[in-house]
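S.K.: The sequence and its predicted three-dimensional model are supplied below.
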Amino acid sequence: MLSQTSHKTPVGTLYLISDEHILLAAGFRSFEDLIERMDPQDSMRDIKSVRNIPVISDLVKDYFEGDLSAINGIQVRQPGGDFFQSVWKVMRKIPAGKTMSYADLAKRAGSENAVRAAGSACARNLVAPIIPCHRVVKSGGALGNYGFGLETKDWLLRFEGALK
């Protein structure tokens, strides 16, 4: 059985769905939005609402209280092909307070010509902000897009110290 919980954050409610200690989905819209985007094998499973998800809830709370590396300790799993998995792995290595361009992301994920695909991996990221796609920006430094709105991306980057 999967577990779901939500946390109030300074930038809105963060919804989380896990399979025990592995986070399957996170985002700032709704549980329904997350379930629609999850792997069909997971989205068909029973989900129970809980007050907290052990370990994951504590690490999310610690992050929003200022321990910016806390979310690095959360294990995640999401559906996607090899290139997307590589992109998400590279994203997790972008430290809080830093950004990376979509072009650099594509290159570090193994295909410098796949900038659009790297952008698609950001858009399909099912465990934001744990996999920090908000830290990926356009080559010129413009924020680019963010599935939960540019205000949220801007807030997260300012909170982490990447923007003044």
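M.R.: Received it, and whenever you're ready, just let me know what you need.
S.K.: Helices along the protein, start to end?
M.R.: Counting by DSSP state H, the chain has these helices, from start to end: 31-37, 40-43, 56-64, 82-92, 102-108, 115-124, 150-160.
S.K.: got TSV for those, with mean pLDDT, distance to Cys133 and mean neighbour count too?
M.R.: Glycine gets a C-beta too; all of them are placed from N, C-alpha and C. Below are the helices of the chain laid out as TSV (pLDDT from 0 to 100; distance: least, CB to CB, whole Å; neighbours: other CB atoms under 10 Å):
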stretch	mean pLDDT	distance to Cys133	mean neighbour count
helix 31-37	97	14	16
helix 40-43	95	20	12
helix 56-64	98	15	19
helix 82-92	98	6	19
helix 102-108	97	9	20
helix 115-124	96	4	19
helix 150-160	97	9	18
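S.K.: Looking at these, which is nearest to Leu2?
M.R.: Between Leu2 and those, the tightest spacing by CB to CB is seen for helix 40-43, at 6.8 Å.
S.K.: nearest spatial neighbour of the spatially most central residue of the chain, skipping sequence neighbours?
M.R.: For the chain, Ala128 is the residue whose C-alpha lies nearest the centre (CA atoms, centre = their mean; 1.7 Å). Leaving aside its sequence neighbours, Ala128 sits nearest to Gly27 (CB to CB, 6 or more residues apart in numbering; 5.7 Å).
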